[in-house]
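Enquirer: Prediction below, plus the sequence it came from.
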Amino acid sequence: MTFASPLVLIALAIPIIMIVFQWCTHARALPLPFDHQSTPNTKWLGRVLNVVNTLPPLILAIAIVLLAGPRKFERPKSERQLTNIMFVLDVSGSMTASFGEKDRYEVAMEALNEFLVYRKGDAFSLMIFGNHNLRWVPLTTDVSAFRYAPPYLHPSKLPNWFSGGTSIGKALKQAQKFLNQAEEGDRLIILISDGYSSDLSNNNDIKIAQALSDDNITLYGIHVGGGGAPPEVSVMTSMTGGQTFAAGDPMALEAVFRKIDEMQQAPMKRLTPDPVDNFKPWSLAALSLAGTFLLSLFGLRYSPW
């Protein structure tokens, strides 16, 4: 236990002196006629009276302790560390292909927003890419912008010069720059695409993966649609500690996001316990002593003569 103002405890000398005085001094005896008669031994009554008269100094001592500000340390808590997650979403023309009852883009957006529901406490960002790329949502813990994004980013509504191709390498390099701006927390990229990217050839995939790994950025790849992911994407994810998944239908895509959540668990950090006020036990003790003393006044007191 600690105290906010420990010097106040010096005043405890006052109630200690009062208690010592109570038990070590004796009032001058006054002889009365019945002293010469045979009476029962009542020394125990004097001790009881001394105990009762010790209660006010004890209450004073507790009051001094309260003035000193008793404090205790909370139990150490665990806090979920922040993970910075950037979604790099393909909005090329091929993402309009049918995928279940909707197209690939719509299903990907729905699965992405569902992922945000059970992945609370992290910071998220959204980048779309085709031939070019655009960061639509910067890193934020407020995911409301993701809810309203799907109608505006559909490939059919984007200009051809933007969504006419699939430049995964260029998008990942840009995503790396944005994630490096995060001051704390882990960094994670989730690439969602359905095509092959020519800018990953000639060992560019290895160069990009090495750069991501050097910045402690983990890459996960989700290939939407039929077939498997391009080998270059698998190389990059494995080099950064991530993994590549193929989602052949909407249910599989949702399951992939669940799997990523399980694999990339948010780390926990131990917090140092903080001191907090600890008045309650002392206050209860003072009230109990005061109540006992008041009750004693109804029947225990020294004779006035």
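Expert: Looks like it arrived, so ask away. Residues are numbered from 1 along each chain as shown.

Enquirer: Next, the residues that contact the helix or strand that contains Met236 from outside, please.
Expert: According to DSSP states H and E, Met236 maps onto helix 231-239. For helix 231-239, the external contacting residues (Cβ atoms under 8 Å, 6 or more residues apart in numbering) are 168, 172, 191, 193, 197, 200-201, 204-206, 208-210, 212-213, 219-221, 223, 243-244. Any C-beta I mention is one placed from the backbone N, CA and C, and that applies to glycine too.

Enquirer: Tyr118: neighbouring residues, count only.
Expert: Residues contacting Tyr118 under the criterion other Cβ atoms under 10 Å number 9.

Enquirer: how about low-confidence regions in the stretch 151-300 of the chain?
Expert: Applying pLDDT under 70 to the stretch 151-300 of the chain flags residues 264-274, 299-300.

Enquirer: what about the strands in it?
Expert: 186-193, 217-224, 244-247, 268-270, 275-277 (DSSP state E, counting those that start in this stretch).

Enquirer: what about Asp142, which SS state?
Expert: coil (DSSP: H, G, I helix; E, B strand; the rest coil).

Enquirer: Now do it, the pLDDT please.
Expert: What the model reports as pLDDT for Asp142 is 89.

Enquirer: what about the helices in the stretch 101-250 of the chain?
Expert: 104-118, 144-148, 150-153, 160-163, 168-179, 204-214, 231-239, 250-263 (DSSP state H, counting those that start in this stretch).

Enquirer: Would you format the ones you listed as CSV with distance to Ile10 included?
Expert: Formatted as CSV, these follow (distance: least, Cβ to Cβ, whole Å):
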stretch, distance to Ile10
helix 104-118, 56
helix 144-148, 57
helix 150-153, 69
helix 160-163, 76
helix 168-179, 57
helix 204-214, 60
helix 231-239, 66
helix 250-263, 58
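
Enquirer: Among those, single out whichever gets nearest to Gln22.
Expert: helix 104-118 (66.1 Å; Cβ to Cβ).

Enquirer: for the record, mean pLDDT for that closest one?
Expert: 92.

Enquirer: For it, list every residue counted as buried.
Expert: 104-109, 111-112, 115-116 (16 or more other Cβ atoms under 10 Å).

Enquirer: For the strand or helix carrying Ala13, give me every contacting residue.
Expert: If you go by DSSP H and E, Ala13 is part of helix 13-24. Applying Cβ under 8 Å, 6+ apart, the contact partners of helix 13-24 are 50, 53-54, 56-58, 60-61, 64.

Enquirer: any chance of the residues you listed in a markdown table, with pLDDT too?
Expert: Output for those, formatted as a markdown table (pLDDT from 0 to 100):
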| residue | pLDDT |
| --- | --- |
| Asn50 | 78 |
| Asn53 | 83 |
| Thr54 | 86 |
| Pro56 | 88 |
| Pro57 | 88 |
| Leu58 | 90 |
| Leu60 | 90 |
| Ala61 | 90 |
| Ile64 | 90 |
